[in-house]
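*Asks:* no letters, just coordinates:
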Ligand code: ADE
């Protein structure tokens, strides 16, 4: 960025946000009341339950609405208040989080529930500062909970809202770079008359109409005031971020099956990637594909399953070979499970994918629809 652009950007960030014309606010709210999706964490006509809102916002941090919608009711039925989650064991929490991906959030939500139980008398705190001090809650989630659960007139800026604002103001820069300016613009958007609906209306507008591709400007309540539309640039904004290749990592996984049909699983170390979840034994994940002959965990009749299992993580893409073996092991050894017994275990979507690739159907995740192929809903 050249010096004059830096000065302009700094000035833009500091100056007060433009006011929202009252007719635009009214049009947006009316559209939201007509078009909003009936999502299970939204209170239709009643006061929202702060715990439901908080749990939904944790889930929505990195997982699509479609996936959260399918899994949220079962999670909330199992942990209906902060104390229920706080009192549960880590294994039960990870198990209930299955299918949502990014399992670190499950641990943070668990820690958050314990703090709510121990320091806030079991009730979700109302103030944004207190919310932000809880594990796993950053400025976005604190603002979302404050607005939706407690009626603070703020608009949290997620990817949806950022895109809407970038188009409204024709900000032709990648969203991550434009974030300070977008936050400044959002500072004036809260609706004091209907804070919860006001906040969700902006999110919903981005999700339903002002979509990344082919925005439905003809149906948009804010189209008249949208600079990108006026200039015919809604297809060019937001500007995509510069492409960076995600590094690839490689390894092998071993599906060892005993004569009685039981399969060997192990627990991943706590704290790291997919920490504490159950997985097939395998090699370390390296920067180059495995070259040496496989070092099988047990002797038996092993064969390579054709193809590879690919799985996207946030910072790298994983590619695994799968080997299947008919093995012998003493019946009383721990760690061997029948597929039906895996229903009680925390299995990541990677492990489920490997099992399927090896011809073993893992038990369904409760509340989930089977994915119709393609990438898993959540990543770690
Ligand atoms: N994404 C993040 N928060 C959301 C919400 N409350 N409703 C829909 N999508 C969201």
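*Replies:* Received, thanks. Only a predicted model underlies this, so the values are computations on that prediction, with no experimental measurement involved.
*Asks:* what does the stretch 101-250 of the chain put close to the ligand?
*Replies:* Where the stretch 101-250 of the chain comes near the ligand, counting by Cβ under 6 Å from any ligand atom, the residues are 144, 148, 158, 200, 203. All C-beta atoms are positioned from the backbone trio N, CA, C, and that covers glycine.
*Asks:* list the residues that contact the third one.
*Replies:* Contact analysis of residue 158 by Cβ atoms under 8 Å, 6 or more residues apart in numbering lists 140, 144, 203, 206.
*Asks:* burial measure for the last one, as a count.
*Replies:* If I follow you right, that is residue 206. Counted with other Cβ atoms under 10 Å, the neighbours of residue 206 add up to 21.
*Asks:* in strands, which of the contacts of residue 158 appear?
*Replies:* Secondary structure assignment (DSSP state E) places none of these within strands.
*Asks:* what two of the residues of the stretch 101-250 of the chain next to the ligand are the furthest from one another?
*Replies:* When these are compared pair by pair using Cβ to Cβ, the farthest-apart members prove to be 148 and 158, with a separation of 12.4 Å.
*Asks:* are we agreed that residue 249 is in a strand?
*Replies:* Yes - the assignment for residue 249, made by DSSP: H, G, I helix; E, B strand; the rest coil, places it in a strand.
*Asks:* and it, how far from the ligand?
*Replies:* Taking Cβ to the nearest ligand atom, to the nearest Å as the measure, residue 249 falls 30 Å from the ligand.
*Asks:* spatially nearest residue to that residue (excluding sequence neighbours)?
*Replies:* For residue 249, the nearest residue in space outside its immediate sequence neighbours is residue 285; the separation is 4.3 Å by Cβ to Cβ, 6 or more residues apart in numbering.
*Asks:* give the contact list for the one you found.
*Replies:* With Cβ under 8 Å, 6+ apart as the criterion, the residues that contact residue 285 are 249-251, 318.
*Asks:* closest one of those residues to residue 68?
*Replies:* Sorting the contacts of residue 285 by how near they are to residue 68, with Cβ to Cβ, puts residue 318 at the top with 23.8 Å.
*Asks:* pass me the low-pLDDT residue ranges in this structure, would you?
*Replies:* Within the chain, the stretches with pLDDT under 70 are 1-14, 44-45, 366-380.
*Asks:* in helices, which of the contacts of residue 158 fall?
*Replies:* Counting by DSSP state H, the members of the contacts of residue 158 that fall within helices are 140, 144, 203, 206.
*Asks:* ok, the second one to residue 237 distance?
*Replies:* In this structure, residue 144 and residue 237 are 24 Å apart, going by Cβ to Cβ, to the nearest Å.
*Asks:* now the third one
*Replies:* Here the criterion is Cβ to Cβ. By it, residue 203 lies 19 Å from residue 237.
*Asks:* kindly report the same for the last one.
*Replies:* According to Cβ to Cβ, residue 206 stands 13 Å off from residue 237.
*Asks:* show me what contacts residue 51?
*Replies:* Contacts were defined as Cβ under 8 Å, 6+ apart; by that measure residue 51 touches 80-82, 124.
*Asks:* and which of those is nearest residue 110?
*Replies:* Here the nearest of those to residue 110, counting by Cβ to Cβ, is residue 82; it sits at 10.3 Å.
*Asks:* distance of the closest one relative to residue 223?
*Replies:* Taken as Cβ to Cβ, the spacing of residue 82 relative to residue 223 amounts to 42 Å.
*Asks:* how about residue 161?
*Replies:* Relative to residue 223, residue 161 is positioned 17 Å away (Cβ to Cβ).
*Asks:* and residue 77, by the same measure?
*Replies:* Shown here: residue 77 relative to residue 223, a distance of 41 Å by Cβ to Cβ.
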